[in-house]
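>>> What would the 3D arrangement of this be:
(2 chains)
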Amino acid sequence: MLLSPTLLVLGLVVLFPIISALRESLFTSGTKLDENGFIVKGSTFVGLDNYLDIFKGDTGDRFWNAFYNTTFFTVVCVVLETVLGVAMALIMHKAFKGRGIVRASILVPWAIPTVVSALLWKWIFQADGIANQLIGTQVLWSTEGWQSKMSVIIADTWKTAPFIGLLVLAGLQTIPAEVYEAAKVDGASVWKTFTRITLPLVKPALLVAVLFRILDTLRIFDLPFVLVGPHKDSVETLSMLAYDEAFNTRYGPAAAYATVLFIYVAVVAYAFVKILGADVIGEARARKPGGGGGGKRWRKKNAAKGSTDTSVGAVAVGGGGR
Amino acid sequence: MAAVAPQPAEAGPLRRWAPLAGVALIVIYCLAPFYWMVVSALRRPSDQFSNEIIPSPISIQNFKDVFAGSNGFGRGLLNSLIVAGTVTILTLIIGMVAAYTLARLDFKFKNVVLAIIITTSMFPGISLVIPLLKLFIDIKWINTYQAMIVPSLSFALPLAVWNLTSFFRQMPQELEQAAMVDGCTPAQAFRKVIIPLAAPGVFTTAIITFIAAWNEFLIALSMTNKKSIQTANVIISQFTGTTGRDQPFGSQMAAGVVVTIPLVIAVLLFQRRIVAGLTAGGVK
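A predicted model of the protein is given here:
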């Protein structure tokens, strides 16, 4: 079959690692003594010990801290990016002049490698850097504490809010002008028009953009790793924790952390799709009306309003922590 | 793209100027940090901590340092090019066949397959990297190009399949049918009719895939520990500078500019295509 090359490759680079991570997470490596006092090299089966260790004692504190940071970054960044992104999309939608310039410039933060933008913000946030000069204070940004969290949030928002704006703009452009004319005739206020017409109609595009941003931020790695650095409590995320364990050749615990992150991401994605009905594969399903899943409700609502079905794909290029 | 929102002809000065001011704000928001990187790179190393908006005098010393030093940045650029280029080519070859199949043929579980492909791009990179790292250590792949290229397919391939599928779908099916009536086999119809016509979509996908692969960090960081094989991103993040100053920000900014400029040029040249690719499926 023609799909087999793709599925084979994905099986090799996605399915195989996931399964071997699950297996790996049940083992511990390193040198140990067996019950007769012989040295056992290589991995030993430890069952769920790696998972239990995650939640206990010092490693437990480290895990919960990383878990909290990951969640905190995800919630704050995605909320900020969504608000800013929607605002940007509305402005771009209104403006006729300078569209080309705007489009090119909002792609610039997206195109800059995350590592480079992390270094760029590290430079901006230097003790005697431009950020401190502009706000006239002496905040030590890239040290421990709330300010290093802030610096990560600012840098992430800068990089991806324009991107959400771009996707929402694409959604806005599918809304027919007549809908707005009708609202105007009915005497709807600007705010009402926005909350009752624009938001519901742009929701499918927005939800998909937000979902992909959530998944991207949950696995955030490059930005805190380069901007603030490894082993910093205030910005250590689950990806960084897992990387650190693997870097110290503790593959069993590393795989356990990675698996926990994987489950966390899967649960969040599933909940998001179920509760809000993000239409990730909408285009595929649109051909088969009523064909499964979460996107159904919105589609029906939109169909009733006579809008076009909007779903946005290929958002995963946000370039976050992968 | 569909019609834009109505703009009343009798718009007052506020309504006319507010969007323009907003546009200016967005452009500044997006470009100011980038501008700061460029001007910081153009300062003399001795003026590094000056916060003047325009560097004076302008100096390219930082750029010289980046390439002259023992940090292997030039080599890193070449490695980045090899890795990202190979990932792009492999992805296009494999992805095009899959995308065409998904766009044209009808079979059971098609939506399931598409859903699985798009889902695979959502897995956290670290969960894939750790087992692959162990595997690659066993088969002695650490510090090889393939150790960076193969895992990169995990995000590049779903992305390309998704993009290409929507491009292929936009092309009328009659094209191949006509070719087949004229005596082409399905494979010939695909090769001689579809691929040339899909070239713009394929090109768009190539740019986006290349940018994503060029920006990759976690895989390249995990799979290498030798400078001569590391990509530019990894090398920049571990810069110590030529003179061994502990914060070689000048050369880091210069290296950042060098890594970023090709992408910025691509973005400026192909912005329409890139936007079309990123919002693939968004506008029908």
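
>>> quick one: the strands in chain A?
For chain A, the strands defined by DSSP state E cover A:27-28, A:32-33, A:39-40, A:44-45.

>>> got a list of what B:Thr205 touches?
Counting by CB atoms under 8 Å, 6 or more residues apart in numbering or on different chains, B:Thr205 makes contact with B:92, B:95, B:160, B:163-164, B:167, B:277. Any C-beta I mention is one placed from the backbone N, CA and C, and that applies to glycine too.

>>> Just the CA trace of the helix or strand encompassing B:Ile219, in PDB.
Per DSSP states H and E: B:Ile219 is located in helix B:218-223. What follows is helix B:218-223, C-alpha atoms only, in PDB (Å, rounded to 0.1, in the frame of the first residue of the first chain):
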ATOM      1  CA  LEU B 218      16.500  18.900  21.500                       C
ATOM      2  CA  ILE B 219      17.300  16.000  19.100                       C
ATOM      3  CA  ALA B 220      20.600  17.600  17.900                       C
ATOM      4  CA  LEU B 221      21.600  18.300  21.500                       C
ATOM      5  CA  SER B 222      20.800  14.800  22.800                       C
ATOM      6  CA  MET B 223      22.400  12.800  19.900                       C
END
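
>>> quick revisit: compile the contacts of B:Thr205 into JSON lines and extend it with columns for distance to A:Ser239 and secondary structure.
Below are these laid out as JSON lines (distance: CB to CB, whole Å; DSSP: H, G, I helix; E, B strand; the rest coil):
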{"residue": "B:Leu92", "distance to A:Ser239": "28", "secondary structure": "helix"}
{"residue": "B:Gly95", "distance to A:Ser239": "26", "secondary structure": "helix"}
{"residue": "B:Ala160", "distance to A:Ser239": "24", "secondary structure": "helix"}
{"residue": "B:Asn163", "distance to A:Ser239": "26", "secondary structure": "helix"}
{"residue": "B:Leu164", "distance to A:Ser239": "29", "secondary structure": "helix"}
{"residue": "B:Phe167", "distance to A:Ser239": "32", "secondary structure": "helix"}
{"residue": "B:Gly277", "distance to A:Ser239": "27", "secondary structure": "helix"}
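
>>> ok, of those residues, which one's closest to B:Ile60?
Lowest distance from B:Ile60 to the contacts of B:Thr205 (CB to CB) belongs to B:Gly277, with 34.5 Å.

>>> what sits against that closest one?
The contact partners of B:Gly277, by CB under 8 Å, 6+ apart, come to A:314, B:163, B:201, B:204-205, B:207-208.

>>> returning to what we had before: I'd like to know the average pLDDT value across the helix holding B:Ile219.
Model confidence over helix B:218-223 averages 93 on the pLDDT scale.

>>> who does that helix touch, helix- and strand-wise?
In terms of contacts (3 or more CB pairs under 8 Å, 6 or more residues apart in numbering or on different chains; DSSP states H and E), helix B:218-223 is packed against helix A:238-247, helix B:125-138, helix B:145-170, helix B:232-237.

>>> so which of these comes closest to A:Val273?
helix B:145-170 (16.7 Å).

>>> pLDDT score for the residue nearest in space to the middle of chain A?
Closest to where the C-alpha atoms of chain A average out (CA atoms, centre = their mean) is A:Asp216, at 2.1 Å. The per-residue pLDDT reported for A:Asp216 equals 90.

>>> Equivalent analysis for the one 4 residues further on, please.
pLDDT for A:Ile220: 93.

>>> That one contacts A:Ser239, doesn't it?
Yes - the pair A:Ile220 / A:Ser239 is scored as a contact, 6.5 Å apart, by CB atoms under 8 Å.

>>> Tell me where the stretch 1-150 of chain A has helices.
For the stretch 1-150 of chain A, the helices defined by DSSP state H, counting those that start in this stretch cover A:4-10, A:16-24, A:49-54, A:57-94, A:99-111, A:114-124, A:130-135, A:146-172.

>>> ugh, wrong one, I meant the stretch 151-284 of chain B
Taking DSSP H, counting those that start in this stretch to define them, one finds helices in the stretch 151-284 of chain B at B:174-181, B:186-188, B:195-214, B:218-223, B:232-237, B:249-278.

>>> B:Gln61: which of those helices is closest?
helix B:249-278 (7.9 Å).

>>> related to what we said a few turns ago, of A:Ile220 and A:Ser239, who's got more company?
Shown here are A:Ile220 and A:Ser239; by other CB atoms under 10 Å in any protein chain shown, A:Ser239 has more neighbours (29 against 26).

>>> so the more buried one makes contact with A:Arg219?
Yes - using CB under 8 Å, A:Ser239 is in contact with A:Arg219, at 5.3 Å.
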